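> just to be clear, the model below is a prediction. Sequence and coordinates:
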Amino acid sequence: MSDKYTTQSFLNAKRNSRKITMLTAYDYSTAQILDESGIDAILVGDSLAMTIQGKDSTLEVTIDEMLYHCRCVAKGIKNAMLVGDMPFLTYHVNAEEAVRNAGRFIQEGKVTAVKLEGGTSMAATVKAIVRAQIPVMGHIGLTPQSVNMFGGFKVQGKEEHAAKALIEDAVALEGAGAFAIVLECVPEMLAKLISEKVSIPTIGIGAGKYCDGQILVVHDVLGLYSGFTPKFVKQYANLREPMTEAVVAYIREVRSVQFPATQHTFAISDDILERLY
C-alpha cells in the first residue's frame, strides 16, 4: 500500500491527534532529502523570493517562477504531499482567474494542492477553486503578501476584535472547503482556540504547540539563510559554516595544486600520448 500523504491524511492526522510535519523546499535535491526523512508535506513557498532569489519580500515572485520550482521539487518526492504557494495577484482579481492559475499549479507544477492567503475575504475564491476539484490550504494571521497593509511583520490577533476576526476567517475557510489552514504569527492560546473551533487541521508557524502541525522554512531550519530570522524559528543545524569551510578548502587546494589529485583524473596510454606530440 502506498504511503503517499494526501489531503485525507491531513484530516486523519487531526482526528488521531497525530502532529503534521511540513517544511518548504525549492529544488529537487532538498525535496528528496525531506521526503526520504519522512516529512508529511512540502510547501514550495513564495518565500523562495527571498531565500532563493535574494529579493526583499514575497511580492516579487511570479507564477512562472513558482511553477518552475514546483516541478523541480515534484521530481524529488515519492511520499510527501506537495503544496504550491499561489503568489501575489494570482488569485486576487476574480475567481475565474484564480481557478485558472490554481489549475496551472496542478497541471504544470505537479502539485497536489495550492495555498493562498486570506480568510473571510477569500472564502468565495477558495470555494471556486475547490469546486474545480483543486484542494486548497488556507493561510491567515500574518500573511506576508499583505505586509504593506500590516505595516511590517507583526503578530496578529492580539486585540479582541482582531482575535474574533481570525476565528471568523478560519471558520469561513473551513466552510469554503479548505482542507487545512496555516496560522502564522498568532498568539499560542488563540491558535489553540482556532484549532478547536474548526474540524480541519491547523498548521502553525509562530503559532505555538497546540496547532495540528507545524511548518518552517527549510533554510531557517538548516541555518542557510543569512537574512532576518524570526523569533519562532528553531535552527536545528548551522550548515552555512561547514559549507563555507568546504568552499574555502576547495579554493585553497586548487590554488596550491592539491586538487585534483591522481585519484580524480583519467589516464591515457603513453604510446598514444607520444604519437600526439
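Now that the structure is in, tell me what you want to look at.
> A strand includes residue 43, no?
Yes - residue state for residue 43 (DSSP: H, G, I helix; E, B strand; the rest coil) corresponds to a strand.
> extract the CA atoms of stretch 27-37 and return them as PDB.
The C-alpha atoms that make up stretch 27-37 are tabulated as PDB, following Å, rounded to 0.1, in the frame of the first residue of the first chain:
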ATOM      1  CA  ASP A  27      14.700  22.200  -5.500                       C
ATOM      2  CA  TYR A  28      15.000  18.500  -6.400                       C
ATOM      3  CA  SER A  29      17.800  17.600  -4.000                       C
ATOM      4  CA  THR A  30      16.400  19.200  -1.000                       C
ATOM      5  CA  ALA A  31      12.900  17.800  -1.700                       C
ATOM      6  CA  GLN A  32      14.500  14.300  -2.000                       C
ATOM      7  CA  ILE A  33      16.200  14.600   1.400                       C
ATOM      8  CA  LEU A  34      13.000  15.900   3.100                       C
ATOM      9  CA  ASP A  35      10.900  13.100   1.500                       C
ATOM     10  CA  GLU A  36      13.300  10.400   2.500                       C
ATOM     11  CA  SER A  37      13.400  11.800   6.000                       C
END
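> tell me the buried residues in that stretch?
Applying a neighbour-count criterion of 16 or more other CB atoms under 10 Å, one finds 28, 30, 31, 32, 34, 35 buried in stretch 27-37. To be clear about C-beta, it is placed using only N, CA and C from the backbone, and glycine gets the same treatment.
> over to stretch 122-140?
Residues of stretch 122-140 classed as buried: 122-123, 125-130, 134-140 (neighbour count, 16+ other CB under 10 Å).
> next one: it to chain centre, how far?
Distance of stretch 122-140 from the chain centroid (CA atoms, centre = their mean, to the nearest Å) equals 18 Å.
> again, but for stretch 34-42
If you compare the mean C-alpha spot of stretch 34-42 with that of the full chain, they lie 12 Å apart, counting by CA atoms, centre = their mean.
> residues contacting that stretch, please?
Counting by CB atoms under 8 Å, 6 or more residues apart in numbering, the neighbours of stretch 34-42 from elsewhere in the structure are 5, 9-10, 13, 20-25, 31, 73, 76-83, 213, 218.
> in helices, which of those residues fall?
Using DSSP state H, the subset of the contacts of stretch 34-42 located in helices is 9, 10, 13, 31, 73, 218.
> care to break this structure down by domain?
With domains defined by automatic domain parsing, the chain comprises 7-238, 242-276.
> so how far is the first residue of stretch 58-66 from its last?
Taking CA to CA, to the nearest Å as the measure, stretch 58-66 stretches 11 Å from start to finish.
> just the buried residues of that stretch, please?
For stretch 58-66, the neighbour count (16+ other CB under 10 Å) marks 58, 59, 61, 63, 65, 66 as buried.
> for that stretch, what is the average pLDDT?
Stretch 58-66 shows a mean pLDDT of 96.
> stretch 77-87 too?
Throughout stretch 77-87, pLDDT has a mean value of 98.
> quick one: end-to-end distance for that stretch.
22 Å.
> gap between stretch 203-216 and the chain center?
For stretch 203-216, the gap between its own C-alpha mean and the chain's C-alpha mean amounts to 13 Å (CA atoms, centre = their mean).
> what does that stretch contact?
Counting by CB under 8 Å, 6+ apart, the neighbours of stretch 203-216 from elsewhere in the structure are 10, 13-14, 19-24, 40, 43, 137, 141-142, 155, 180-189, 191-192, 195, 201-202, 230-234.
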